[in-house]
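Asker: after the sequence you'll find the predicted model.
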Amino acid sequence: MATLMDRVITSKAAVLEGSRAIAEAVRLCRPQVISAYPITPQTHVVEALAQMVADGALKAEFVNVESEHSAASVVLGASATGARVYTASSSQGIALMSEVLFNIAGLRLPVVLTCANRALSSPLNIWNDQQDSLSVRDAGWVQLYVEDNQEAVDTHLQAYAIAEDRRVLLPTMVCADGFLLTHTYEPVIVPTQEEVDAFLPPYRPQHYLTPDKPLTMGAFADPEYYMESRYLLDRALERSQAVIEDAAQRFNRAFGRHYGGLLDTLHMEGARTAVVAMGSVVATLRDVVSGLRDDGHAVGLVKVRSFRPFPKDALRSALRDVDRVLVLERALSPGGVGILAAEVRAVLQGQPRQPAVSAFVAGLGGRDIPVETLQALIARAQDEAVEQGFADLKAELVEEGDEDES
Amino acid sequence: MKLIPGLVALPGTSRANKTGSWRIERPLFLHQKCNGCRLCDWCCPEGIVSGQGKLFDCDFDYCKGCGICAEVCPVDDIVMQVEER
Amino acid sequence: MKTRVEPAPELLSPGHTACRGCGLLVAARLALQAAGPRVIVANATGCLEITTSKFPQSSWNVPWIHSLFENTAAVASGVEAALKALGRQAEARVIAQAGDGGTADIGLQSLSGMLERGHDVLYICYDNEAYMNTGIQRSSLTPLGARTSTTPPGALSWGEVRTKKDMPAIAAAHGIPYVATASIAYPPDLVKKVKRALGIRGPKYLQVHSSCPLGWGHDSSLSIRVARLAVQTGLYPLYEVINGQLTNVKRLSYRSPVAAYLKPQRRFEHLFKPGGEALLAQVQALANANAAKYGFPPVTEGAEAEDSD
């Protein structure tokens, strides 16, 4: 029976808030258990799903929990029992559930989570950067970063296909910039249920909790077994590179939309300087880089779509011929360098051609990253020595040497 | 043995671990005054006392020799003896 | 003991590495046998988990999952939600189990959520009154006067200065249909309570007093006797709270002085040294207060006779 929602939103463009578009995508994936705890800017996603369940448009158990730690734990238990599950969070919520995130990956449960990327406290800040998901990069999850709301919708469909693939069996996090995507209205094509069912078959768990075949899940491993267990997790993430590419290709064949698999490139043919970035800033960078190309600058763009697994070979190949790289990122490893920048430098180590890598932290805590800033950073990256720092820092707020010495 | 992703373990496999080697004392079921109350069975942490009617004994592959069975026996039909190896 | 039971199928296999005379394993084995094979168990980190699930071995013959220390109630909630969503509710009853620390301290929030949301889960707290798995540190269910490795008696200290948190009352305050206390010293009572709880839809909370020879400092053979004395002194009343009504309080035909319970345990030995009298009197006062609340008889000096069930 067609629901009201099916009639309103068919496989053609509708102008939707990003959160609502993500919720539509999740609904189409037919999750059986959803659990979440509210946190800005994730709330609109789970509110929309709660309404769908309330309206009967989505047949699922919706478990309202008392914390993100429990949200992750509920979907852990439900996934271990054989259900397709979904949760979403952001910022402090990701930090609070981080213990469970590691556990879910170790148990090899194909949970799908939307991270509405937001800054971490302190100071408290509800606006966008990517510190939250990047801080749990080592949890063992696949992490996919999207640049616009259509990609957000389509990547959720792919996320279940990747997570549940027998070669992978890993939780998958779809990272969408908070507010910039989650609260922005854009025309979005929402696929039909038939299309999604054809792309994503029902989840058939291999091992799950049932008295018909009692198994022990979550046994502890002493030094004799722990390393091998972690090795298998690492291998599965490596293997997932091919599955992510497959899913993107298969999606393209089914829906005619493609965002790259592990990464995407723009104007990299003949580029001497490459900009590397993740998330919604990539959409802006497409215009900036295209403009510079039109003006005769040999500049290209690499969007890292999959941060975990990190696309080592694909990135080496994309940056094979450039002299200079500018990494732009919305996160920080205080006292270290940028998180993405460190990873980019690491994969370039030992390559025959070693580009100079500049790295800038930009747009923390919701600070706008204007086109002019991007243009200026790219210009400097093209011309000057390797630089590293914060873009658009307000020097007058942080000048050193005039501290009160009383 | 190949590891199953998620380190799934199979049921009841701890039977491979013969904890009888821990034993310093061993229970002797005298089979004289037993009233069949099964307290020795109920109160065994290992779950290895078995029997029917008034004939009970335990599995010495696993008995750790804690002495609970002898202690709870209301008719003193179980006694602890020093383990001789 | 008059109840006769048939040998049950082995649901918790031997070969586990619990200490000699472990009261917790007595409790867990009885609870599982009462529940039967059609269950799914979520288990918190702790002695029960670590002694029964050392990969590649497992003592469990029922579907069993361990995730973390504090999230067991939430994991069980997820299991139950999945059974419901998948139309598999008839397949299994859901049990969550944890120790006193995993329940009353680090897991309290997650437990409260599970109880409040009304999940059809039996939550069993095995109460051995300290963090035994990490080396006998104090929990909020450690009793007054007890020595633990983080409440050591010393020149300025007489051990634990706080009384046990009333965890069953906290559980009952959620308005759930069934709350009960039990003890390994009364196996038929424990079995009956597990069966009764599993016959009720909705959240259930059962707290089982389980002795720990290592942590309490008594001989391994005395696990049942010591646990029985906790009940007989009035320090650990056994009761049910069904739909909010206190009921089925286990009657005592006589009441032993608390010293009879405390003396066999090294965790209380400082109470019997010069200067310990005041604290000993406080513990006795707790038992007396329970007696007044639950209708136990006055202390019979020197009484440690066998009781009936």
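Answerer: Good, I have the coordinates.
Asker: switch to C-alpha atoms for all contacts and neighbour counts from now on
Answerer: Noted.
Asker: what parts of the stretch 51-200 of chain C come near chain B?
Answerer: C:T52, C:F55, C:P56, C:Q57, C:S58, C:S59, C:W60, C:N61, C:V62, C:I184, C:P187 (CA under 8 Å from any CA of the partner chain).
Asker: for the last one, grab phi and psi.
Answerer: According to degrees, to the nearest 10, the main-chain angles of C:P187 amount to phi -60, psi -50.
Asker: and which of the residues of the stretch 51-200 of chain C next to chain B is nearest to A:L328?
Answerer: C:F55 (44.0 Å; CA to CA).
Asker: which SSE is immediately downstream of the worst-scoring helix or strand of chain B on mean pLDDT?
Answerer: Within chain B, confidence by mean pLDDT, DSSP states H and E is lowest for strand B:49-52 among all helices and strands, at a mean of 93. As assigned by DSSP states H and E, the chain's next helix or strand after strand B:49-52 is strand B:55-58.
Asker: circling back to that earlier point, please identify the buried residues of the least confident helix or strand of chain B?
Answerer: B:V49 (16 or more other CA atoms under 10 Å in any protein chain shown).
Asker: how far does that strand sit from its chain's centre?
Answerer: 10 Å (CA atoms, centre = their mean, to the nearest Å).
Asker: and it, what other elements does it pack with?
Answerer: helix B:39-42, strand B:55-58 (3 or more CA pairs under 8 Å, 6 or more residues apart in numbering or on different chains; DSSP states H and E).
Asker: just checking: what are the partner strands of that strand?
Answerer: As defined by DSSP bridges, the strand partners of strand B:49-52 come to strand B:55-58 (antiparallel).
Asker: and the gap between the closest residue to chain C within the stretch 301-406 of chain A and chain B?
Answerer: When scored by CA to the nearest CA, the stretch 301-406 of chain A has A:R308 as its residue closest to chain C, at 23.1 Å. To chain B, A:R308 is 19 Å away according to CA to the nearest CA, to the nearest Å.
Asker: kindly report the same for C:D166.
Answerer: On the measure of CA to the nearest CA, C:D166 and chain B end up 27 Å apart.
Asker: could you give the number of residues near that residue?
Answerer: C:D166 has 11 neighbouring residues, counting by other CA atoms under 10 Å in any protein chain shown.
Asker: ok, now the one 10 residues further on?
Answerer: Counted by other CA under 10 Å, the residues lying close to C:I176 total 22.
Asker: shouldn't it be within a helix?
Answerer: No: counting by DSSP: H, G, I helix; E, B strand; the rest coil, C:I176 falls outside a helix, being coil.
Asker: need the contact list for the closest residue to it other than its chain neighbours.
Answerer: Distance criterion CA to CA, 6 or more residues apart in numbering or on different chains; nearest residue to C:I176, sequence neighbours excluded, is C:P203 at 6.0 Å. Listed by CA atoms under 8 Å, 6 or more residues apart in numbering or on different chains, the contact set of C:P203 reads C:M114, C:L115, C:G118, C:H119, C:D120, C:V121, C:L122, C:Y123, C:I176, C:P177, C:Y178.
Asker: helix, strand, or coil at A:M173?
Answerer: strand.
Asker: how about the residues of chain C by chain A?
Answerer: C:37-40, C:50, C:53-56, C:58, C:60-68, C:71-72, C:74-86, C:91-92, C:109-110, C:113.
Asker: pretty sure A:P205 is touching A:G82, no?
Answerer: Yes: the criterion here is CA atoms under 8 Å, and A:P205 meets it with A:G82 at 5.7 Å.
Asker: among the two, which residue is more densely surrounded?
Answerer: Between A:P205 and A:G82, counted using other CA under 10 Å, A:G82 has the larger neighbour count: 23 against 18.
Asker: distance of A:W141 relative to A:Q249?
Answerer: 21 Å (CA to CA, to the nearest Å).
Asker: hmm, back to that, give me the phi and psi for the residue of the stretch 301-406 of chain A closest to chain C.
Answerer: phi -130, psi 120.
Asker: state the pLDDT value of it.
Answerer: On pLDDT, A:R308 comes in at 98.
Asker: again, but for C:T300
Answerer: 89.
Asker: what about it, neighbour count?
Answerer: Count around C:T300 with other CA under 10 Å applied: 13.
Asker: what distance do you get for the residue nearest to C:I176 to chain B?
Answerer: From C:P203 to chain B the distance is 27 Å (CA to the nearest CA).
Asker: okay, and the residue in the stretch 101-250 of chain C that chain A sits nearest to sits in which element?
Answerer: Taking CA to the nearest CA, chain A has its nearest neighbour within the stretch 101-250 of chain C at C:G113, 5.8 Å off. In this structure, C:G113 sits in helix C:108-117 according to DSSP H and E.
Asker: whichever helix or strand A:A116 is part of pairs with which strands?
Answerer: Using DSSP H and E, A:A116 maps to strand A:112-117. Here strand A:112-117 has these sheet partners by DSSP bridges: strand A:85-89 (parallel), strand A:172-177 (parallel).
Asker: what's in contact with the shortest one?
Answerer: Looking back up the chat, that one is strand A:85-89. With contact meaning CA under 8 Å, 6+ apart, strand A:85-89 is reached by A:26, A:31-39, A:42, A:45-46, A:68, A:71-72, A:75, A:78-79, A:111-116.
Asker: of the residues you listed, which belong to strands?
Answerer: Secondary structure from DSSP state E places A:V33, A:I34, A:S35, A:A36, A:V112, A:L113, A:T114, A:C115, A:A116 of these in strands.
Asker: could you dump the residues you listed to a markdown table with pLDDT?
Answerer: Formatted as a markdown table, the ones in strands among the contacts of strand A:85-89 follow (pLDDT from 0 to 100):
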| residue | pLDDT |
| --- | --- |
| A:V33 | 98 |
| A:I34 | 98 |
| A:S35 | 98 |
| A:A36 | 98 |
| A:V112 | 99 |
| A:L113 | 99 |
| A:T114 | 98 |
| A:C115 | 98 |
| A:A116 | 98 |
